[in-house]
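Enquirer: Please work out how this folds:
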Amino acid sequence: MSSYKPASEAAVSRGPVFQFILLSVAMIFAVLIAEAIGNITVPMGITKVVLFPIVWALLIGAAISVIHRNMPGQRQSSVQTQFLASALIQVAIGFFVVKLGFIIGESLPKIAAAGWALVFQELGHFLGTMVFALPLALILGIKREAVGATFSIGREFSVAIISERYGMNSPEGRGVLAEYVIGTVLGALFIAFLAGTMAGLGIFHPWSLAMGAGVGSGSMMSAAVAAITAQHPADAKEIAAFAAAANLLTTTVGTYFTLFLSLPLANWLYYKLEPVLSPKRSVYGNTQSTSTEMNEALSSVAKAEDTPVWLMAVTLIVSGGVALLGNWIATGTSPTDALPAMLIMGVIAVGGYLVHRALAFLKIPLVCWVSLLAVFATAPFSPLAAYVSPLATKMALLPLVTPVLAFAGLSLAKDLPILKQLGWRIIVVSLVANAGTFIFGTIIAEFFH
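Expert: All right, here's what the predicted structure looks like:
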């Protein structure tokens, strides 16, 4: 196959510095416009949905991404930039993870009091994905892809499990990759709408909804927290605390729970239900190979691990500075007043990274180390709490995640061909799986609450 590239296409292939500058300018633009728009409430019959700045940041970033991809001679450069944006998401989210750790530390007594509600809602998260989604997939004619798409919400550790067990050129590999891509592109928007709708119904306690929001994805959790908080502003701190605790539990325990319970159960359900519910032929035929676009999407799962240290440091600085401006617009707290809190969060984020690198043999995710250091900084028993907690209040939670969602939007256009190839069936199944994990986690938390 020829490697020839048109001159106009080859000329725009830029290095990471240029791509980072381009992404930073676009991210800053998206965040400032999103924070200026603010919250917009949309009545939905008996309930209402609040659209907040992180939604606008995601949509503005996505629009920029699509426009750049379709500009003459920019396709190759655009795809490279989008993959870099995917990698920067995991770096920029560091401040948000630290802030959540602060909230967990301050709320440890309440979290401990929740007891069994917090423990058992994890069961809801991992069973909820397949209860509705697996039968639906079979009815729609999806075969073994259904196992990969419904045994979890398809985050990085789920991709790793399926890759090791079946290989990514298998139907199960296509299924989990579909779940990963769809969750990345649509997950935050969908879960925000669902969480806002359920919160507006007034059926569930906001703490239960918060625990349900801890699905194991930072972007989905933050979107759900924003939607629930908009309906229950008086419980804002508790909502963030319980969601963060549930998300941390899902992230730490999730790998083993998924490997030893969810995947075997999904296989068992498949073999029981497939003869009854499924058409004889798969809508995907008998092909065993993934497309070029899907292989590229798979490679993006590991991009964060390959990000140069200098680029991670600069990303923290830029995203932190933008978060300070967003916090100023959203809360009126000047950047100079909030700067000490941001510096402390930056130190903890870097500290978590250093611990993660030093103890890499333990295979513990970076987010866990960052969270644990942040929890210690504000826990009631910590000697640092008296100094850190008052400063941390100067920085609101949601402005910290707006840059993250802007980067997510800027990475979106590369995934559109994959969604087109996968078709509407797998998209519907994926969204139902995401809905199931949130709804079942909430119901179980409500029962034990």
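Enquirer: The top helix by length along the chain: which residues count as buried?
Expert: As assigned by DSSP state H, the longest helix anywhere in the chain is helix 416-448. By 16 or more other Cβ atoms under 10 Å, the buried positions in helix 416-448 come out as 416, 418-419, 422, 425-446. The way it works is simple: take the backbone N, C-alpha and C, and place the C-beta from them, glycine included.
Enquirer: could you point out which element follows whichever strand or helix holds residue 113?
Expert: Residue 113 is located in helix 108-114, with elements delineated by DSSP states H and E. Scanning forward in sequence from helix 108-114 by DSSP H and E, the next helix or strand is helix 116-139.
Enquirer: can I assume residue 448 is in contact with residue 123?
Expert: No: contact criterion Cβ atoms under 8 Å: residue 448 and residue 123 do not qualify, at 10.3 Å.
Enquirer: Name all residues that sit in contact with these two at the same time.
Expert: In terms of Cβ atoms under 8 Å, 6 or more residues apart in numbering, residue 448 and residue 123 are not both contacted by any residue.
Enquirer: and residue 232, how many residues sit next to it?
Expert: 18 (other Cβ atoms under 10 Å).
Enquirer: contacting residues around it?
Expert: Here residue 232 is in contact with 199, 206, 239 (Cβ under 8 Å, 6+ apart).
Enquirer: got these as CSV, with pLDDT columns?
Expert: As requested, the contacts of residue 232 are exported to CSV (pLDDT from 0 to 100):
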residue, pLDDT
199, 90
206, 93
239, 92
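Enquirer: closest to residue 231 among these?
Expert: Nearest to residue 231, judged by Cβ to Cβ, of the contacts of residue 232 is residue 199 at 3.8 Å.
Enquirer: Does that closest one lie in a helix or a strand, and which?
Expert: Using DSSP H and E, residue 199 sits within helix 188-201.
Enquirer: by contact count, what packs against the helix or strand following that helix?
Expert: Downstream of helix 188-201, the next assigned helix or strand under DSSP H and E is helix 206-213. If contacts are counted by 3 or more Cβ pairs under 8 Å, 6 or more residues apart in numbering; DSSP states H and E, helix 206-213 sits against helix 116-139, helix 188-201, helix 218-231, helix 236-257, helix 416-448.
Enquirer: got the angle between helix 206-213 and helix 116-139?
Expert: Relative orientation of helix 206-213 versus helix 116-139 (axes from the mean of the first three to the mean of the last three Cα atoms, to 10 degrees): 50 degrees.
Enquirer: what's the angle from helix 206-213 to helix 218-231?
Expert: 160 degrees.
Enquirer: Quick one: residues in contact with helix 206-213.
Expert: Residues outside helix 206-213 that contact it (Cβ under 8 Å, 6+ apart) are 114, 117-118, 121, 124-125, 191, 195, 198-199, 204, 220-221, 224-225, 228, 231-232, 235, 238-243, 245-247, 438-443, 445-446, 449.
Enquirer: Could you tell me which of those residues count as buried?
Expert: Using 16+ other Cβ under 10 Å as the burial test, the contacts of helix 206-213 include 114, 117-118, 121, 124-125, 191, 195, 198-199, 204, 220-221, 224-225, 228, 231-232, 235, 238-243, 245-247, 438-443, 445-446, 449 as buried.
Enquirer: Next, the contact list for residue 78, please.
Expert: Neighbour list for residue 78: 65, 68, 69, 71, 413, 414 [criterion: Cβ under 8 Å, 6+ apart].
Enquirer: and the two most separated of those residues?
Expert: Maximum pairwise distance in the contacts of residue 78, criterion Cβ to Cβ, is 14.5 Å, between 71 and 414.
Enquirer: neighbour count winner among these two?
Expert: The residue with more neighbours, out of residue 71 and residue 414, is residue 414; 23 against 11, by other Cβ under 10 Å.
Enquirer: Quick check: closest non-adjacent residue to the more buried one.
Expert: Excluding its sequence neighbours, the residue lying closest to residue 414 (Cβ to Cβ, 6 or more residues apart in numbering) is residue 82, at 4.2 Å.
Enquirer: quick one: contacts for the one you found?
Expert: Listed by Cβ under 8 Å, 6+ apart, the contact partners of residue 82 are 65, 69, 410, 411, 412, 413, 414.
Enquirer: Confirm for me that residue 56 is in contact with residue 33.
Expert: Yes: counting by Cβ under 8 Å, residue 56 touches residue 33, with 6.9 Å between them.
Enquirer: So between these two, which is more surrounded?
Expert: Using other Cβ under 10 Å as the criterion, residue 56 and residue 33 rank with residue 56 on top: 24 against 14.
Enquirer: What confidence value was assigned to that one?
Expert: Residue 56 is assigned 88 on the pLDDT scale.
Enquirer: Please report how far it lies from residue 359.
Expert: According to Cβ to Cβ, to the nearest Å, residue 56 and residue 359 sit 39 Å apart.
Enquirer: Next: residue 372.
Expert: 12 Å.
Enquirer: Isn't residue 382 up against residue 376?
Expert: Yes: counting by Cβ under 8 Å, residue 382 touches residue 376, with 5.5 Å between them.
Enquirer: what would the contacts of residue 78 look like in a markdown table with secondary structure and pLDDT?
Expert: Formatted as a markdown table, these follow (DSSP: H, G, I helix; E, B strand; the rest coil; pLDDT from 0 to 100):
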| residue | secondary structure | pLDDT |
| --- | --- | --- |
| 65 | helix | 91 |
| 68 | helix | 89 |
| 69 | helix | 86 |
| 71 | coil | 87 |
| 413 | helix | 80 |
| 414 | helix | 75 |
